[in-house]
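In: with the sequence up front, the predicted model follows.
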Amino acid sequence: MVGQLKSLINLPGLDASMKSIAEKIENEIRITPEEGLMLFEKGSLSTLGAMANFIRERRHGNFTYFNRNFHIEPTNVCVFSCKFCSYSKLYSKREEGWELSVDEMMEKVKAYDGQPITEVHIVGGVHPKMDIYYFADLLRKIKTHRPDLHIKGFTAVELDYMFRKAKLSREEGMKLLHDAGLDSLPGGGAEIFDAGIREQICADKVDAAGWLDIHATAHQLGMHSNATMLYGHLENYAHRVDHMEQLRNMQDRTKGFNTFIPLKFRNYDNEMSYLGEVTAIEDMKVYAIARIYLDNFNHIKAYWPMLGREQAQLTLSFGVNDIDGTIDDSTKIYSMAGSEEQAPSMSTDELVALIKQVGREAVERDTLYNIVKKY
Ligand code: V47
Ligand code: SF4
């Protein structure tokens, strides 16, 4: 394996508290929130990398997962006004954005006929006129056309709005969409759970308790979901630890999360452009600490359209074991926020080469991490 480290306890330069964390990791004992904070405050890049890689290789060896997917972004018109968002247009300015009809979205699905795609990821703005019945119709049409395609769709933010507008409870709304064909939920909309930071960056959308409850509702119906954390803006280390602690607690109860995806705040063309972006070193530390902290999450994913290809490769030595999918230039969220990837698309061969170039084994998975093919 790439790391081949036998023990963490003798890593150079560890003080007593860091040594105690290293011991816990070796013995598969959960670290506390205080220790999580200590990792952010005191952990050097090399120590965090060694710890995270140790866990990553113990769980997954050299396997690095990817999938074959594409996105549908039904609209970028949004009733909310998150300050970090470079993508959305208010309803009053909707002529500057896009609104896809069900038929137009079905054309996008049909464009992949005959191609070995396993997942469609549907996510977009929160449009006041696209209600739960509109999307249930879309889901049914996709499933009728291609029953084997896994539909991962709608952030808790979109779902919260749809359910409230239809006057349905979360259980009723989720069941309606699940029955129509929704298989799992993506991890977006979580941002940072801390109420004070949320108030400053995305005051008007679903709060932390609501986000968590919507995911718990999906898990209770046997659906899986992902979780994200938007970092590198106004939050401090304690907020990041609190965010991961809330996810870890919920995962203990429901076991429904597949993967955790840290999302780096990108500052192009949004109301928080005055903030700088954190360094690549900080990015690697976040991935590593996520791998160490979230002992009940099986997978940590780096979303390559947001980080760029070279940084995505680097994350594979910092706890990450999944780099998402082929995407096929079907998402605009990150290109509009300033990512290096202006038209994100990679063929399967390119994704495999990217993984192999850093000495890892490329494994194609489906959404639920069943192995499709080893390369
Ligand atoms: O919730 C928006 C983020 C998320 C910016 O579950 C930004 O597999 C950085 O959650 N800088 C939506 N981030 C995307 C998302 C996602 C992506 C890929 C895979 C999965 C999955 C989920 O994008 C939003 C928000 O946190 N975001 N604007 C920005 N300027
Ligand atoms: Fe709307 Fe999502 Fe952008 Fe917030 S992040 S303004 S909810 S599209």
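Out: That came through fine. Ligands and ions are numbered 1, 2, ... in the order given.
In: which residues touch the spatially closest residue to residue 42 that is not a sequence neighbour?
Out: Closest residue to residue 42 apart from its sequence neighbours, by CB to CB, 6 or more residues apart in numbering: residue 18 at 6.5 Å. Using the backbone N, CA and C atoms, a C-beta is placed for each residue, glycine as well. Applying CB atoms under 8 Å, 6 or more residues apart in numbering to residue 18 gives the contacts 38, 42-43, 47.
In: show me where the stretch 251-375 of the chain has strands.
Out: 257-264, 299-300, 322-325, 361-365, 371-374 (DSSP state E, counting those that start in this stretch).
In: and for the stretch 51-200 of the chain?
Out: 63-67, 69-72, 119-122, 150-153, 184-185.
In: make TSV out of those strands and add mean neighbour count.
Out: Shown next, in TSV, are the strands of the stretch 51-200 of the chain (neighbours: other CB atoms under 10 Å):
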stretch	mean neighbour count
strand 63-67	24
strand 69-72	22
strand 119-122	23
strand 150-153	23
strand 184-185	25
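In: the ones you listed into CSV, with extra columns for distance to ligand 2 and mean pLDDT?
Out: Listed next are the strands of the stretch 51-200 of the chain as CSV, based on distance: least, CB to the nearest ligand atom, whole Å; pLDDT from 0 to 100:
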stretch, distance to ligand 2, mean pLDDT
strand 63-67, 23, 96
strand 69-72, 13, 93
strand 119-122, 13, 96
strand 150-153, 14, 98
strand 184-185, 14, 98
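In: can I get the ones you listed in TSV including distance to residue 236?
Out: Output for these, formatted as TSV (distance: least, CB to CB, whole Å):
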stretch	distance to residue 236
strand 63-67	31
strand 69-72	32
strand 119-122	31
strand 150-153	31
strand 184-185	28
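In: which residue is the nearest non-sequential neighbour of the residue in the stretch 101-250 of the chain that ligand 1 sits nearest to?
Out: Closest residue of the stretch 101-250 of the chain to ligand 1, CB to the nearest ligand atom: residue 188 (2.5 Å). Spatial nearest neighbour of residue 188, excluding adjacent residues (CB to CB, 6+ apart): residue 155 at 3.8 Å.
In: my guess is that neighbour meets residue 189, correct?
Out: Yes - using CB atoms under 8 Å, residue 155 makes contact with residue 189 at a distance of 3.7 Å.
In: among the strands of the stretch 251-375 of the chain, which gets the worst mean confidence?
Out: Of all the strands of the stretch 251-375 of the chain, strand 322-325 carries the lowest average pLDDT, namely a mean of 92.
In: show me what that one is packed up against.
Out: strand 63-67, strand 69-72, helix 304-307, helix 348-357 (3 or more CB pairs under 8 Å, 6 or more residues apart in numbering; DSSP states H and E).
In: looking at the ones you listed, spot the one closest to residue 85.
Out: Closest to residue 85 of the helices and strands packed on strand 322-325, according to CB to CB: helix 304-307, at 13.8 Å.
In: so is the closest one next to ligand 2?
Out: No - between helix 304-307 and ligand 2, judged by CB under 6 Å from any ligand atom, nothing touches; the nearest distance is 13.4 Å.
In: quick one: mean pLDDT over that helix.
Out: pLDDT averaged over helix 304-307 gives 87.
In: what residues does the stretch 151-300 of the chain put near ligand 2?
Out: 157, 202, 205.
In: which residues sit in contact with the residue of the stretch 151-300 of the chain found nearest ligand 2?
Out: With CB to the nearest ligand atom as the measure, residue 157 is the residue of the stretch 151-300 of the chain nearest to ligand 2, at 4.8 Å. Contacts of residue 157 were listed using CB under 8 Å, 6+ apart, and they are 80, 126, 188-189, 205-206, 211.
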